[in-house]
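Student: Predicted model follows, preceded by the sequence.
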Amino acid sequence: MEGGDWFYTGAVKEHFMKPKNFYKNDKEVKNFDGYGRVGNVKCGDLMEMWIKIKDDKIKDVKWKTFGCASAIASTSMLSVMLKEKGGMRLEKALKLTGKDIMDRLGGLPAIKIHCSVLGDQALRAAIYDYKMKSGRTDLKVDKPAEFDEHAH
Ligand code: FES
C-alpha cells in the first residue's frame, strides 16, 4: 500500500460501521476496574476506556471517542484483541503497539497512523488507574501525560 493513499481496508470499514465494545452508558461500566482518558496531541481528539480485570486478564473493555473513523476502527479492533481467547494478560496488553492493531486491520493510510495509538494510550491509562486502585505496583506502566483538551 502506498503510504500517502487514502485507502481503507475492509476490516477498517467493518469496524468503523459497526464498532465493537463501544460504551453505551455508565451502568455497564459501573463495576469496571480501570478507567483511562487521553487526548491526541496531533488532532486534539479524545478517547476514554474502561477495563474489567479478572485473574490478571482483561475480561471486558468499553471505549468511547470523539475521534475520527480511523480512531474508531483501530480502537474497536483493539477491544476485540484484548477480549479474545478469554482475555489478554495485562502484561501482554502493555506490550501491544499501534502497529499490532494496524496489522490486524490490514493497514491504515500513513496520515492516519497517529489515530491508531489513541486507543492504545487510553488502554495504558486505564491499566495505570487499575494499578493505583489495586496496588499492583508490579505492573510496568507509567502515569499518562496530562492532556489539556482546550489547548488544541
Ligand atoms: Fe484525531 Fe484521527 S484525526 S484521532
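Tutor: That came through, no problem.

Student: distance of the spatially closest residue to residue 113 that is not a sequence neighbour from residue 132?
Tutor: Leaving aside its sequence neighbours, residue 113 sits nearest to residue 98 (C-beta to C-beta, 6 or more residues apart in numbering; 6.7 Å). Where you see a C-beta, it was placed from the backbone N, CA and C, and this is true even at glycine. From residue 98 across to residue 132, the span is 24 Å (C-beta to C-beta, to the nearest Å).

Student: With residue 91 instead?
Tutor: Distance of residue 91 to residue 132, computed by C-beta to C-beta: 17 Å.

Student: Same question for residue 76.
Tutor: 27 Å.

Student: Does the residue nearest to residue 113 touch residue 117 like I think?
Tutor: Yes - between residue 98 and residue 117 there is a contact under C-beta atoms under 8 Å: 4.1 Å.

Student: near the ligand, which residues of this structure?
Tutor: Residues of the chain found near the ligand (C-beta under 6 Å from any ligand atom) are 40, 43, 45, 67-68, 70-71, 115, 118.

Student: Make CSV from those and add neighbour count and pLDDT to it.
Tutor: Shown next, in CSV, are the residues of the chain next to the ligand (neighbours: other C-beta atoms under 10 Å; pLDDT from 0 to 100):
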residue, neighbour count, pLDDT
40, 20, 83
43, 15, 86
45, 19, 91
67, 20, 89
68, 15, 92
70, 23, 91
71, 26, 94
115, 26, 88
118, 29, 90
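
Student: Turn those into CSV, including secondary structure.
Tutor: Below are the residues of the chain next to the ligand laid out as CSV (DSSP: H, G, I helix; E, B strand; the rest coil):
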residue, secondary structure
40, coil
43, coil
45, coil
67, coil
68, coil
70, helix
71, helix
115, helix
118, helix
